[in-house]
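A.B. asks: Take a look and give me a structure for this.
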Amino acid sequence: MADEVAARLAGATGFDWDDGNALKVVGRHAVEPGECEQAFFREPFVVSYDAAHSGREDRWRALGQTAADRRLLLVFTMRDTLMRVLAARDMNRKERTFYAQVSARTESGSDI
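C.D. replies: Alright, predicted model coming up:
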């Protein structure tokens with residue numbers, strides 16, 4: 001599944017924003033669509049498949065950070081070649097700890 005999402009992300013051509021998802025992301029956790037987009041392009045970007053919430057379409061959870069170093073949890077799906085963010089919020093303590101560990105391994109050059 002990791003190879004599949006990596007290939008789909010590599011083939012992505014942009015983001016799918018409309019009033020439905022953009023207003024929900026901003027309204028629930030005050031995360032702007034631009035912040036979500038930034039997280040997809042900064043390292044590390046940690047993605048896992050969300051089997052529990054993948055019904056009609058595959059969903060993934062990702063940990064990433066913005067240009068201002070805001071650390072976010074993102075839930076997204078792929079619609080054709082567009083990435084559609086369904087939810088975004090600040091990472092909780094457990095997620096921040098895990099993300100810091102991944103960041104440290106990435107910076108040191110060890111395998112993840």
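
A.B. asks: what about this structure, any weak spots by pLDDT?
C.D. replies: 1-2, 109-112 (pLDDT under 70).

A.B. asks: Could you pull out the helices in it for me?
C.D. replies: Along the chain, counting by DSSP state H, helices occupy 2-10, 19-29, 33-40, 93-108.

A.B. asks: how about the longest one: buried residues?
C.D. replies: To tie it back to what came earlier, the one meant is helix 93-108. Buried residues in helix 93-108, counting neighbours by 16 or more other Cβ atoms under 10 Å, are found at 95, 99, 102-103. (Glycine included, C-beta is placed from N, CA and C.)

A.B. asks: now do stretch 36-45
C.D. replies: Buried residues in stretch 36-45, counted by 16+ other Cβ under 10 Å: 36-40, 44.

A.B. asks: Of the buried residues of helix 93-108, just say which sits nearest to T77.
C.D. replies: Minimum distance to T77 across the buried residues of helix 93-108 is 19.7 Å, recorded for E95 (Cβ to Cβ).

A.B. asks: isn't the closest one right up against G64?
C.D. replies: No. Between E95 and G64 there is no contact under Cβ atoms under 8 Å: 10.8 Å.

A.B. asks: Now do the shared contacts for these two.
C.D. replies: R71 (Cβ atoms under 8 Å, 6 or more residues apart in numbering).

A.B. asks: could you dump the buried residues of helix 93-108 to CSV with distance to D3?
C.D. replies: Compiled in CSV, the buried residues of helix 93-108 are given as follows (distance: Cβ to Cβ, whole Å):
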residue, distance to D3
E95, 23
Y99, 22
V102, 18
S103, 22
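
A.B. asks: and the two most separated of those?
C.D. replies: E95 and S103 (12.2 Å).

A.B. asks: which residues are in contact with both of these two?
C.D. replies: Common neighbours of E95 and S103 (Cβ under 8 Å, 6+ apart) do not exist.

A.B. asks: export the buried residues of stretch 36-45 to a markdown table and tack on distance to W60?
C.D. replies: Shown next, in a markdown table, are these (distance: Cβ to Cβ, whole Å):
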| residue | distance to W60 |
| --- | --- |
| C36 | 13 |
| E37 | 15 |
| Q38 | 17 |
| A39 | 13 |
| F40 | 11 |
| P44 | 15 |
